[in-house]
Each structure stands twice: as structure tokens, then as C-alpha cells.
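Novice: I need the structure of the sequence given here:
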Amino acid sequence: MQRVSTTYDFSRWAVALMILTGGLMLGSCDRQQQSAPPPVPEVAVITVTAAPVALTTELPGRTSPFRVAEIRPQVNGLIQKRLFTEGADVKSGEVLYQIDPAPFQAVLDNARAALGKAEANLPAIRSRVERYRDLLAEKAVSQQEYDDAEAALKQIEADVRYGRAAVETARINLNYTRITAPISGRIGRSNVTDGALVGAYQAMALTTIQQLDPIYVDVTQSTTDLLRLRRNLESGRLQQKADGQKKVRILLEDGTSYAREGTLQFRDVSVDPTTGSVILRAIVPNPDGFLLPGMFVRAVLQEGVSEKAILIPQQAVSRDPKGNPLVLIVDGENKVGQRMLTIERAVGDQWLITSGIGPGDRVIIEGIQKVRPGSVVKTVPFEAAPPKEAVVKGNNAHAVSEVRNGGA
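Specialist: Below is the predicted model:
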């Protein structure tokens, strides 16, 4: 009986020793887990640099013809024939309509006959005056007879001048029966048909010719943008370069770029009181007639070059509860800090920054949700995806950037 008890006590002490050892081991593991530091979050950053950027502005506008000629008759008559094809290109001087010339030819013939009659009497009257002048010196004729002959000469000379003017008027009216194109361009539809009766300088135009090469693009710019541009130029933040300052790039309604660049011609001197904007006119080559009058387009104009512009991706910027823009940066000790920004505008998929960060600052682009100001992070360079949209449109944010105003 004594041996069984001893064996039982030994087993009980062995189990207690195993439980105690396991507890000590578990406590040691818990202490090791509690003392291990948390993993350092990894963020992608860019180093801010200042570089020259050509800033542009995109403005809405419409095309308008370079020249417009409304064709109206200058004499009364019946249209005998329409001599052009509607919608075709016509040359300056080309005959468009023929008005019945018979009445005007008769008037011209009558004026020529009257002129011939006056010119036929002129030599005889001139000779009589010369003879009377000699006889008056010898007292062979009276002064009254000489004065009558001289008055008759002046009368016949006036009749000759009147006859010549009448002939010229009749000839001009006869020429007006051939209605010609005053300019070269594309002609529209005809508002009259053969046999129609028309009147001189009537209100309704017979047709319209529009010169489409080159073509005008009229765009509107708000006075707010105009004042901002002037302030930036005066302060030196923008520099204008003459070589590209007047170049205008045209974007069509479907977003594609027009193949040819235009030239800024002038900026209007008055402001439209209903819209608070001014008109800018550009002249654009249109040899193929691709641009038609009245088309909606957008014109991209260069405002100037910012020599030390700071651009950061838009995804790096967040906003506080009041809507103020801010970014997270990483200092020299790899600690996260917060900076408030002043944003001027959107440039493609980036923000143009005027204050808040400077060259050399490391801005967090990816991993913003994992960190807070004051935390320590591990940084890796940010690799941006290729700007597919910029490649299609021909925009490069680091060379010539497309501006979208008012986004900040």
C-alpha cells in the first residue's frame, strides 16, 4: 500500500510541474509579443522640383467665316438664268445670275444716240463763236450776237457731258444685269429661281458667299481670368514669349485636335455687359474646308511660362473638414508632417501649387490612409502610370500643360 501512494504522489507532482512550466513559457511568449515593435508602414513619395512650365488656358468659341458676301441685285428685272451650282466653290468675278438685259441695252443705245446728236452740233457752234470773236473786234457783229453764240456753245458742251454721263450710267446698269461674285468662297443655296422678279438693293439676298480659308475662331474669356493673367504678368510669375504667345491650338467637339494651329489676331477692347467677358479672335488655316461656320470648338491659348512652377499629382492632395487643401510630407527623419497648400489651378492631372511646399520636399502620393502626422514611415519612389489621355491629346504636363481653370 505504501508503494502505490508514493507512485501516485510522484505522478501528481509531475503534472503540476508540467503545468507550471507551460504557464511560464506562455507568459514569456506574451511578453515577447508585447515588446516587439509594430511594422513600419511603407509609402510612395515624390521629391518636389521646380521647373519651367508653359501654362495654357482652354476657352470655348465658335467658328465664323473670314468674309461674307450677301448677293443682291443692283437693278430691277427678271432673272433669266442661275449660272452656279449651289454649295460649290466660286471665284471672284464669276457670273452667278443673269437678269434680262434687253431694257438696259435699249437705254444704253438711246443714251449713245443722244450723245452723238450733241457731239454732231458741237463743231458748228464752236466755229461760229470763233468767227464772231474776230468780227467783234472789227465791229462787224454786235456784242449781243457774240454772247448768244458763246452761250449756245456752252449749252452744247454741257449736253455732250450729260450725254456721256448718261451713256456711262446706262452701261453700268447693263453690266449690273450680270450679277457676279464679289469674293471667292463657298456659295450657299439660291433664294430665287429662273423667272423671278427682283428689285435693286432688295432686303432678301439672292444667295450668300462665305470665304472659309482661312476661318475665324471667336472665343470668350471672362474678365476674372483676364485680370488674373495681368496680375501674374505684372508680378513676374508668368513670362510671355513672343515665339509661341500667339499660337492657338483648336480642339474639336469630339475632343480631338485640329491638324493646323491658328494665330491670335486681337482681343476686343470692350466687355460684354451681359456675360462679363471679352472676345478673342484667332485666324485658323482651313484649306480643306474641314471647319464650317458655326461649329463649336475650344481654343487652347498660351498664357505664358512659369519659370519655377511646382506641380504635384492631384491624388496627393486631400482636404480638411473646411475644404482647405493639404498634403502629407516626409521629413529628414522619415516622420510624417502635414502642410496646408495654396492651389492656383489644375494642370492636366496635377495641381499647380503657389505656396505650402517647395523644392526638395518629399510628398506622399500613395499610402496616405496608413499614416498620420508624426508617425515614422518607410519611403519608396512613386512610379506614375503612363498618361494615356495626355498622349492622345498631345499634352505634356512638364512641357506644355493644358489648363483647367477654377478647379481649386
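Novice: C-alpha only now, for contacts and for neighbours.
Specialist: OK.
Novice: what ranges do the strands span in the stretch 51-200 of the chain?
Specialist: Secondary structure of the stretch 51-200 of the chain (DSSP state E, counting those that start in this stretch): strands at 77-82, 89-90, 95-99, 178-180, 185-187, 197-198.
Novice: need the ones you listed in a markdown table (columns: mean neighbour count and distance to residue 51).
Specialist: Shown next, in a markdown table, are the strands of the stretch 51-200 of the chain (neighbours: other CA atoms under 10 Å; distance: least, CA to CA, whole Å):
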| stretch | mean neighbour count | distance to residue 51 |
| --- | --- | --- |
| strand 77-82 | 18 | 63 |
| strand 89-90 | 19 | 50 |
| strand 95-99 | 21 | 59 |
| strand 178-180 | 21 | 58 |
| strand 185-187 | 23 | 47 |
| strand 197-198 | 16 | 67 |
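Novice: nearest to residue 68, of those?
Specialist: Proximity to residue 68 (CA to CA) singles out strand 185-187 among the strands of the stretch 51-200 of the chain, at 8.7 Å.
Novice: the closest one pairs with which strands?
Specialist: Counting by DSSP bridges, the strands paired with strand 185-187 are strand 89-90 (antiparallel), strand 207-222 (antiparallel).
Novice: determine which stretch of those strands is the most buried.
Specialist: Most buried of the strands paired with strand 185-187, by mean neighbour count (mean count of other CA atoms under 10 Å): strand 207-222, with a mean of 22.
Novice: now that one against strand 95-99, angle please.
Specialist: 130 degrees (axes from the mean of the first three to the mean of the last three CA atoms, to 10 degrees).
Novice: how far off centre is strand 207-222?
Specialist: Taking CA atoms, centre = their mean, to the nearest Å, one finds strand 207-222 lying 11 Å from the centre of the chain it belongs to.
Novice: span of stretch 138-145 from start to end?
Specialist: Separation of the first and last residues of stretch 138-145 by CA to CA, to the nearest Å is 14 Å.
Novice: contact partners for the residue nearest to residue 157 when sequence neighbours are not counted?
Specialist: Distance criterion CA to CA, 6 or more residues apart in numbering; nearest residue to residue 157, sequence neighbours excluded, is residue 122 at 6.9 Å. Residues near residue 122 by CA atoms under 8 Å, 6 or more residues apart in numbering: 153, 156-157.
Novice: can you check residue 276 too?
Specialist: Residue 276 is in contact with 222-223, counting by CA under 8 Å, 6+ apart.
Novice: out of the strands of the stretch 51-200 of the chain, flag the one nearest residue 216.
Specialist: Using CA to CA, the strands of the stretch 51-200 of the chain put strand 185-187 closest to residue 216, at 14.2 Å.
Novice: for the residue most central in space within the chain, name its beta-bridge partners.
Specialist: In the chain, the centroid-proximal residue (CA atoms, centre = their mean) is residue 299; its distance is 2.9 Å. According to DSSP bridges, the residues that bridge with residue 299 are residue 59, residue 250.
Novice: surely it and residue 246 touch.
Specialist: No. With contact defined as CA atoms under 8 Å, residue 299 does not reach residue 246; the gap is 11.8 Å.
Novice: what residues go with each domain of the chain?
Specialist: 44-54+307-404, 57-65+211-305, 73-100+182-204, 101-176 (automatic domain parsing).
Novice: now for those, which one comes closest to residue 38?
Specialist: So among the domains of the chain, domain 44-54+307-404 is nearest, using CA to CA, at 10.9 Å.
Novice: can you give me the helices for this structure?
Specialist: Per DSSP state H, the chain carries helices over the ranges 2-35, 102-137, 143-176, 223-235, 242-245, 388-393.
Novice: hey, least reliable of those helices by pLDDT?
Specialist: Of all the helices of the chain, the minimum mean pLDDT falls on helix 388-393 (a mean of 38).
Novice: before we move on, the earlier item: got the contacts of residue 122 as TSV, with neighbour count columns?
Specialist: Below are these laid out as TSV (neighbours: other CA atoms under 10 Å):
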residue	neighbour count
153	21
156	20
157	18
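Novice: wait, which of the residues you listed is closest to residue 233?
Specialist: Once CA to CA is applied, the member of the contacts of residue 122 that ends up nearest residue 233 is residue 157, at 70.9 Å.
Novice: any idea what the closest residue to residue 372 other than its chain neighbours is bridged to?
Specialist: Of all residues not flanking residue 372 in the chain, residue 336 sits nearest, at 6.6 Å (CA to CA, 6+ apart). Under the criterion DSSP bridges, residue 336 forms beta bridges with residue 330.
Novice: count the neighbours of residue 336 for me.
Specialist: A count of neighbours around residue 336, defined by other CA atoms under 10 Å, yields 21.
Novice: same check, this time on residue 44
Specialist: 18.
Novice: also residue 275?
Specialist: 11.
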